[in-house]
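Engineer: Sharing a sequence plus its predicted fold:
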Amino acid sequence: MSSSDFIIDISGTQTLDDDKDVIRLTTLGNYTVAPTGNRFIRYKEYNNENPLEFQRTTIKVSDDRISITRDGNIQGQLVLELNKRHQCHYPTPVGSVMVGIYTRKMDIDLDTSGGKISVEYTLDFDTSVVSENTFDINIRKN
């Protein structure tokens, strides 16, 4: 198992109809490779309006599956598996809703010193696609 401080760059897009939102985050975090081969990326995402508030995010990566778990004020888990549809609870300020996630592309290139992940997926409500999404995560030693 290896552990150290890492720089984590995350870039995500969400396309809804003709509107495209881009989110970027660069933060320090922890990257660990377990003896089982699973990789874990952990970081805190701070609230811009109240820097004392934050969400903890854990990304568990196996050879064919990524799960993203958030703890804090708004909790949730997103499961991504290539060419499979998962249903997940999506947290909103007024409560949780059930959404479908279908992963179309998943490229994982990680080793003990970091690497990158690239994912394309859709979100749907009642099997009707509402958005197309991507995210890229780059991890490197600090």
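Structural biologist: Now that the structure is in, tell me what you want to look at.

Engineer: what residue of the protein is the furthest out?
Structural biologist: Going by CA atoms, centre = their mean, the residue of the chain most distant from its centre is D18, 23.2 Å out.

Engineer: what's the distance between that one and E132?
Structural biologist: As judged by CB to CB, to the nearest Å, D18 and E132 stand 12 Å apart. The way it works is simple: take the backbone N, C-alpha and C, and place the C-beta from them, glycine included.

Engineer: what's the answer for V99, then?
Structural biologist: 13 Å.

Engineer: Break down the chain into its helices, ranges please.
Structural biologist: With DSSP state H, there are no helices along the chain.

Engineer: Pull the contacting residues for the nearest residue to R39 once chain neighbours are set aside.
Structural biologist: Setting aside the residues directly before and after it, R39 is nearest to V61 in space (CB to CB, 6 or more residues apart in numbering), at 4.3 Å. Neighbouring residues of V61 by CB atoms under 8 Å, 6 or more residues apart in numbering: 38-41, 108, 110, 117.

Engineer: for these, which one is nearest D126?
Structural biologist: I117 (28.9 Å; CB to CB).

Engineer: Would you mind listing the residues in contact with that closest one?
Structural biologist: Contacts of I117 by CB under 8 Å, 6+ apart are 61, 66, 106-110, 135-137.

Engineer: Please check these and keep the buried ones.
Structural biologist: Taking 16 or more other CB atoms under 10 Å as the criterion, what is buried in these is 61, 66, 106, 108, 110, 135, 137.

Engineer: Can you tell me which helices and strands the longest strand along the chain packs against?
Structural biologist: If you go by DSSP state E, the chain has its longest strand at strand 95-111. Contacts defined by 3 or more CB pairs under 8 Å, 6 or more residues apart in numbering; DSSP states H and E place strand 95-111 against strand 76-81, strand 85-92, strand 114-125.
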